[in-house]
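Peer 1: Give me a model of this one.
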Amino acid sequence: MSHYLQINGQRLIDSLFALGEYGALEGGGVCRLAATAEDKAGRDFVVARMKALGLDITIDAIGNVTGVYAGQEALPMVMMGSHIDTVGTGGLYDGNYGVMAGLEVIARLQEAGICPRRPVAVTFFTNEEGVRFQPDMMGSVVFAGEYPLETALATKDRDGITLDQALQEIGYKGEHKPGDLLVDSYVELHIEQGPILDKEGIDLGVVTGVQGISWQEFTLTGVSNHAGTTPMSMRHDAGLVAAKIAVYARELASTLGGDQVATVGHISVKPNLINVIPNHVVMSVDLRNTDNELLAQAEKMLAQFIAKTAQEEGVEVTSRSLVRFNPVIFADEIVNAVEKEAKRQALSYKRLPSGAGHDAQFMASICPAGMIFVPCVDGISHNVKEHSAPKDLVAGANVLLQVVLQRAQRAA
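Peer 2: Predicted coordinates for the structure are as follows:
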């Protein structure tokens, strides 16, 4: 292994902790919501690193930042990337790892005197988490041309501030048109954010694709009445219907099996009193599957169950779709390159789909794309306790370096 170029592991780990200082929470973790003062500080830190490496930096109109290490030829670039915005109780690694590892790859290429045939780039996309502005993965979905820039910029946070205003305020509303870069391929290094690699003691995840996501919101309207005086047969209990939907979601996942998952993550009940029958419930159902036909089947089965259950209870239902992304299959050439490199570096690996959404799923619509996962302890993410062992972080970055270098050295 020693004759292969490797990253500077300590420098990579140090860079993650340094970035984690911006928006740091007491007791660990990070809160760096998109286009906030904390996000500006984090962005400035990463841009300073890009400048120190002499990269050509472009900022587009939705705030995506790309640093390019010029190649020998003016060919489409091999891009690495992820995001540096976090959830409200984020850790040091989600998103940040892919960005800082990308910069480490370029630093090592430069130190080794390697100027590849194709340019090599690192991008961090705006508002991947979708906490302050919706939808999530906004920077990459706009970059890929699958969501209108104007719609994204007009999105407002809870205080009525638009993304356009927020980006201008932090100085990251760029001139560049999103997607106006020639990209040869995209490789994203990320912590798994799930328990599979950690529980099975596997070094590396070879990511085959991203499962489809369906988020729906249901509003149930019943009749409030006295909990003691209203006979059971005369009730229109919105809370009962919500409870049945929550139970059915679990049964639905079991029935379909395979990769189907279902979650009821939000339930709001009114009047929310101990002795009053609920008359109003707003709830969410999150369905995901790697197979789009099965995902559509799950949506249909859920809709039929809800209609039937609500009718039986005399409760009205309205619904709206919040998110609907089709499953994405990553390019064989990237998936196979990651697997081959894991083998060559004597790492144990497993092919698996991503359960979470990532920028790579939208980049896959414009170029060959893929992802590399490393384990995170107990699968914990979006949590201040999020942690990946340094040896795993270094191993993943070494695979990224070789895969990207191979892509960048390809003949035109």
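Peer 1: Show me the helices in the stretch 101-250 of the chain, by range?
Peer 2: Ranges of helices within the stretch 101-250 of the chain are 138-143, 149-154, 163-170, 196-200, 238-256, based on DSSP state H, counting those that start in this stretch.
Peer 1: so what's residue 50 up against?
Peer 2: 57, 65, 67, 103, 122 (Cβ atoms under 8 Å, 6 or more residues apart in numbering). For the C-beta atoms, the positions are set from N, CA and C on the backbone; glycine is no exception.
Peer 1: Just the ones of the residues you listed in strands?
Peer 2: Cross-referencing the contacts of residue 50 against strands under DSSP state E gives 57, 65, 67, 122.
Peer 1: picking up where we left off before, okay if I get the helices of the stretch 101-250 of the chain as a markdown table plus mean neighbour count and distance to residue 274?
Peer 2: Below are the helices of the stretch 101-250 of the chain laid out as a markdown table (neighbours: other Cβ atoms under 10 Å; distance: least, Cβ to Cβ, whole Å):
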| stretch | mean neighbour count | distance to residue 274 |
| --- | --- | --- |
| helix 138-143 | 29 | 41 |
| helix 149-154 | 16 | 42 |
| helix 163-170 | 20 | 42 |
| helix 196-200 | 16 | 40 |
| helix 238-256 | 18 | 12 |
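Peer 1: out of these, nearest to residue 88?
Peer 2: helix 163-170 (16.3 Å; Cβ to Cβ).
Peer 1: Could you list the low-pLDDT ranges of the protein?
Peer 2: Counting by pLDDT under 70, the chain contains low-confidence ranges at 1-3, 412.
Peer 1: need the longest helix for it.
Peer 2: Taking DSSP state H as the criterion, the chain has its longest helix at helix 292-313.
Peer 1: Following element in sequence after that one, please.
Peer 2: Downstream of helix 292-313, the first helix or strand assigned by DSSP states H and E is strand 316-325.
Peer 1: what's the offset of the very next helix or strand once past that next one from the middle of its chain?
Peer 2: The helix or strand immediately downstream of strand 316-325 is strand 328-329, counting by DSSP H and E. Relative to its chain's centre, strand 328-329 lies at 14 Å (Cα atoms, centre = their mean, to the nearest Å).
Peer 1: quick one: strands adjacent to strand 328-329?
Peer 2: Using DSSP bridges, the strands paired with strand 328-329 are strand 204-210 (antiparallel).
Peer 1: Name the residues that touch the partner strand?
Peer 2: 192, 196-197, 290, 325, 327-330, 335, 338-339, 342, 347-354, 356-358, 360-361, 370-375, 395-396, 399.
Peer 1: now swap in stretch 11-31 and tell me
Peer 2: By Cβ under 8 Å, 6+ apart, stretch 11-31 touches 32, 36, 38-39, 41-42, 45-46, 49, 84, 86-93, 96-97, 100-101, 103-104, 107, 383-386, 390, 393-394, 397.
Peer 1: Give me the buried entries from these.
Peer 2: 32, 36, 38-39, 42, 45-46, 49, 84, 86-87, 90-93, 96-97, 100-101, 103-104, 107, 383-384, 386, 393-394, 397 (16 or more other Cβ atoms under 10 Å).
Peer 1: what about the residue nearest in space to the middle of the chain, which SS state?
Peer 2: Nearest residue to the geometric centre of the chain (Cα atoms, centre = their mean): residue 358, 3.4 Å. Secondary structure assignment for residue 358 (DSSP: H, G, I helix; E, B strand; the rest coil): coil.
Peer 1: how about stretch 239-258 as PDB, C-alpha atoms only?
Peer 2: Output in PDB follows, covering the C-alpha atoms of stretch 239-258 (Å, rounded to 0.1, in the frame of the first residue of the first chain):
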ATOM      1  CA  GLY A 239     -57.200  10.900  17.100                       C
ATOM      2  CA  LEU A 240     -58.400   7.300  16.600                       C
ATOM      3  CA  VAL A 241     -57.900   7.500  12.900                       C
ATOM      4  CA  ALA A 242     -54.400   9.000  13.300                       C
ATOM      5  CA  ALA A 243     -53.500   6.100  15.700                       C
ATOM      6  CA  LYS A 244     -54.700   3.500  13.200                       C
ATOM      7  CA  ILE A 245     -52.700   5.200  10.400                       C
ATOM      8  CA  ALA A 246     -49.600   5.100  12.500                       C
ATOM      9  CA  VAL A 247     -50.000   1.400  13.200                       C
ATOM     10  CA  TYR A 248     -50.900   0.700   9.600                       C
ATOM     11  CA  ALA A 249     -47.700   2.400   8.400                       C
ATOM     12  CA  ARG A 250     -45.700  -0.200  10.300                       C
ATOM     13  CA  GLU A 251     -47.800  -3.100   9.000                       C
ATOM     14  CA  LEU A 252     -47.500  -1.800   5.400                       C
ATOM     15  CA  ALA A 253     -43.700  -1.900   5.600                       C
ATOM     16  CA  SER A 254     -43.900  -5.500   7.000                       C
ATOM     17  CA  THR A 255     -46.400  -6.600   4.300                       C
ATOM     18  CA  LEU A 256     -44.300  -5.200   1.400                       C
ATOM     19  CA  GLY A 257     -41.000  -6.300   3.000                       C
ATOM     20  CA  GLY A 258     -37.700  -5.800   1.100                       C
END
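Peer 1: Please give the centre-to-centre distance between that stretch and its chain.
Peer 2: On Cα atoms, centre = their mean, the centre of stretch 239-258 falls 25 Å from that of its chain.
Peer 1: Helix, strand, or coil at the spatially closest residue to residue 249 that is not a sequence neighbour?
Peer 2: Nearest non-adjacent residue to residue 249, counting by Cβ to Cβ, 6 or more residues apart in numbering: residue 262, 4.0 Å away. Following three-state DSSP, we place residue 262 in the strand state.
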